[in-house]
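Undergrad: model this:
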Amino acid sequence: MVTLHPIKLTGDWHEGFALDIHTISSTFMGYDPYGREVFDNKRSQIGELLYKLKYKSDNAVLDEIVLATSRFIADKWKGKVNAIVPVLPSRTRKLQPVIEIAKGVGSGLQIPYVELLVKLKGTPELKNIFDYQKRSEMLNSAFGIKNLEWQGKNILLFDDLYRSGATLNAITRVLYNSGKVKRVYVLALTKTRSKS
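TA: From the prediction side, this is the model:
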């Protein structure tokens with residue numbers, strides 16, 4: 001069983017958490033034969049599972065992530081959440097971790113998995129943009145709502161990695177203003193150690 005160390009997340013949402021820190025430590029080891037920096041990374045248990053799923057395409061860890069995530073949601077928000085809405089992936093992968101985990105959690109907890117968001121404009125990957133204000137500007141008017149089917153309901157907005165909160169805040173505002181939802185709860189699997 002995965003041990004979690006939940007971290008409270010503050011933002012425009014009603015309540016939010018990351019299940020754990022992503023990387024506990026990172027030690028520079030030198031350079032590989034191609035001149036790229038090499039690090040020895042120590043990750044939390046959920047961080048290591050997410051890394052294996054997202055970057056090593058190890059689908060065998062999916063059930064373990066879904067189980068840990070489902071337990072947290074059931075303990076924290078049982079009966080409070082009407083639908084799970086995943087953050088739209090920033091890049092195309094054969095298997096989209098956020099979507100697959102959200103579907104698994106929704107199925108296990110009998111909470112509808114809903115693709116409620118649409119991307120209105122392209123945005124680059126934000127992992128190399130460290131300024132929160134620049135991130136927010138890039139995300140301005142980037143998301144929309146497909147329909148008002150979940151108006152007045154409580155939504156669980158789900159993502160894999162919390163860095164600065166810019167994406168989750170932008171989507172939360174869209175859910176409240178355009179989607180007319182009652183409450184937004186936020187859950188990220190992991191959180192970076194810094195706000196970068």
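
Undergrad: where in the protein is pLDDT low?
TA: Per-residue confidence for the chain (pLDDT under 70) gives these ranges: 121-139, 195-196.

Undergrad: In contact with the residue nearest the centre of it, which residues?
TA: Taking Cα atoms, centre = their mean, the centroid of the chain lies closest to residue 159, which sits 1.2 Å from it. By Cβ atoms under 8 Å, 6 or more residues apart in numbering, the contact set of residue 159 is 86, 87, 98, 167, 168, 186, 187, 188, 189. Every C-beta, even on glycine, is put in place using the N, C-alpha and C of the backbone.

Undergrad: Contacts for whichever strand or helix holds the fourth one next, please.
TA: Secondary-structure element containing residue 167, defined by DSSP states H and E: helix 166-177. Surrounding helix 166-177, the residues in contact under the criterion Cβ under 8 Å, 6+ apart are 9, 11-13, 16, 85, 87, 116-117, 126, 132, 135-136, 139-140, 142-145, 155, 157, 159, 162, 181, 184, 186, 188.

Undergrad: In it, which residues are buried?
TA: For helix 166-177, burial by neighbour count (16 or more other Cβ atoms under 10 Å) applies to 166, 167, 168, 169, 170, 171, 172, 173, 174, 175, 176.

Undergrad: Now do the buried residues in the helix or strand following that helix.
TA: On the C-terminal side of helix 166-177, the nearest following helix or strand under DSSP H and E is strand 183-191. For strand 183-191, a neighbour-count test (16+ other Cβ under 10 Å) marks 183, 184, 185, 186, 187, 188, 189, 190, 191 as buried.

Undergrad: One more: stretch 145-162?
TA: Those buried within stretch 145-162 under the rule 16+ other Cβ under 10 Å are 145, 150, 153, 154, 155, 156, 157, 158, 159, 160, 161, 162.

Undergrad: Compute the first-to-last residue distance for that stretch.
TA: Stretch 145-162 has an end-to-end distance of 22 Å (criterion: Cα to Cα, to the nearest Å).
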